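*Asks:* below are the sequence and a predicted model; questions follow.
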Amino acid sequence: MGKIHEELAPLHKRLLFWGDIAENSPELVGTLPKDMIAVSWHYDNKPDFTQNLEPFLKSGLETWVATGVNNWNRVYPDNNEALGNIKNFVRDGQKLGAKGLLNTVWNDDGEGIEDENWFGLLFGAAAAWQPGESSAENFTAAYGQAFHGDETGKISQAQQELMAAHAVLRKVDLYGAEDRYFWADPYSPEGREISAKLMPVVSELRLHAEKAITLLAQARAAGKLENQEALDALQLGARRIDFIGLKFQFAQECADLYAKAQAAAASGDKKRWDEVGEAMYTIGSNNGRFEDIRDGYAQLGRLYRDAWLRDNRPYWLDVNQARYDRAAQLWVGWSMAWQNVIQKWHETRTLPPAEQVGLPGGSSPVK
């Protein structure tokens, strides 16, 4: 850092540096040139950040705090973590004498929608401008009216519902509404691990996401709102969180339906053949569970494209759209292949083992 400072000195610019490079060696902080600015970054929601700030402030360096909106690798920011992180870190920074705030957004995954971040970004502004510890509760209550002109209170409630959805996932050891849950194949090894944790709370998760969608629709129906792009992004986030639940729920239902169909087929009772057919067509047909998942990816891909183009140039959109197309094609494959399973049932009145058709117990879809 000293060498970099020396090289840049002729430019008469002050150098900011990320503080993590020095936190593990606090005894060296005092050797840094005093006109540099330490930026201490931490993005977790912990109660106290004193020990992260003191090495820089005690050495006489100007210090800023760097908080985060917790949008990275998520289909919608986890504002439980974001608001807690911002509230506590900014409070401690003010108390100890920090001079500034960088409230960070990270789109390393290449999928981030910038308009989803306004809730956390604006709380960062409020916390930095207000003395002492800002109230996340007061901010949340005021957000809908202040940013969207919503007099119903429903936009703020919708944000709270998505926060509750993230909390549901975290309480079963899932890390909020992460991208990887959205893309995971429920029948893959990774998907089965996710499913085991998610299924006990899938109904609760979906109810929170769907409540957010309903509240948003009601607020929009009640009057003209401002910053519509952020509302579209909120709706997209809610729909993608709901789809995480739907996908794993329907995948499990298909496995359960097939087990019931197998039991009915193995009974030898012809009176139960209708029971088998009903289960098989519910799993996959013109409008079965496989098709619902397929259509979900296709619809969300279109909505994602619209949101991306509101925020960004087209660059990189094709890469993200390819993920939606690939995910939809996976379920197109399931849908087409399932017709063979149904046809063989009609021809032979027998059903193969679940693992042979790729349902839990196996490792790959039928071909």
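*Replies:* Yep, it's here.
*Asks:* C-alpha from now on. contacts and neighbour counts both.
*Replies:* Will do.
*Asks:* buried set for the helix or strand that Leu121 is a member of?
*Replies:* Element membership of Leu121, judged by DSSP states H and E, is helix 118-129. Buried residues in helix 118-129, counted by 16 or more other C-alpha atoms under 10 Å: 118-124, 126-128.
*Asks:* wait, which of the residues you listed is closest to Ser59?
*Replies:* Proximity to Ser59 was ranked across the buried residues of helix 118-129 by C-alpha to C-alpha; first place goes to Ala128, at 23.0 Å.
*Asks:* ok, the closest one touching Leu101?
*Replies:* Yes: taking contacts as C-alpha atoms under 8 Å, Ala128 lies within contact range of Leu101: 6.7 Å.
*Asks:* give me the common contacts of those two.
*Replies:* Common neighbours of Ala128 and Leu101, counting by C-alpha atoms under 8 Å, 6 or more residues apart in numbering, are Val90.
*Asks:* burial check on Lys13, number of neighbours?
*Replies:* 11 (other C-alpha atoms under 10 Å).
*Asks:* that one belongs to a strand, doesn't it?
*Replies:* No: counting by DSSP: H, G, I helix; E, B strand; the rest coil, Lys13 is not part of a strand but coil.
*Asks:* got phi/psi on it?
*Replies:* Torsion angles at Lys13 (phi, psi; degrees, to the nearest 10) stand at phi -110, psi 140.
*Asks:* what segments of this protein are strands?
*Replies:* Using DSSP state E, the strands assigned to the chain run over residues 16-18, 37-41, 62-68, 100-104.
*Asks:* before we move on, the earlier item: let me have the buried residues of helix 118-129 in a markdown table, adding distance to Arg289 as columns.
*Replies:* Below are the buried residues of helix 118-129 laid out as a markdown table (distance: C-alpha to C-alpha, whole Å):
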| residue | distance to Arg289 |
| --- | --- |
| Trp118 | 35 |
| Phe119 | 35 |
| Gly120 | 36 |
| Leu121 | 38 |
| Leu122 | 40 |
| Phe123 | 40 |
| Gly124 | 42 |
| Ala126 | 45 |
| Ala127 | 46 |
| Ala128 | 48 |
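*Asks:* among the residues you listed, which one sits closest to Ala328?
*Replies:* Closest approach to Ala328 among those (C-alpha to C-alpha): Trp118, at 29.9 Å.
*Asks:* contact partners for the closest one?
*Replies:* Contacts for Trp118 (C-alpha under 8 Å, 6+ apart) come out as Ala230.
*Asks:* which outside residues touch the lowest-mean-pLDDT helix or strand in the chain?
*Replies:* Lowest by mean pLDDT, DSSP states H and E among the helices and strands of the chain is helix 20-23, with a mean of 81. Contacts with helix 20-23, where a contact means C-alpha under 8 Å, 6+ apart, come from 28-29, 40-41, 52, 55.
*Asks:* let's go with 7 Å and repeat that
*Replies:* Contact with helix 20-23 is made by 29, 40, as judged by C-alpha atoms under 7 Å, 6 or more residues apart in numbering.
*Asks:* and for stretch 167-175?
*Replies:* In contact with stretch 167-175 (C-alpha under 7 Å, 6+ apart) are residues 176, 197, 205.
*Asks:* if we can go back for a sec, please identify the deepest-packed of the strands of the chain.
*Replies:* Neighbour counts (mean count of other C-alpha atoms under 10 Å) averaged over each of those peak at strand 62-68, with a mean of 26.
*Asks:* alpha carbons only: can I get it in CSV?
*Replies:* The C-alpha coordinates for strand 62-68 follow below in CSV (Å, rounded to 0.1, in the frame of the first residue of the first chain):
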residue,chain,number,x,y,z
GLU,A,62,-9.8,8.8,8.0
THR,A,63,-12.2,5.8,7.9
TRP,A,64,-15.4,5.0,6.1
VAL,A,65,-17.8,2.2,6.6
ALA,A,66,-18.9,0.0,3.7
THR,A,67,-22.2,-1.7,4.2
GLY,A,68,-24.1,-4.0,1.7
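*Asks:* sheet partners, orientation included, of it?
*Replies:* Pairing partners of strand 62-68, with direction, according to DSSP bridges: strand 37-41 (parallel), strand 100-104 (parallel).
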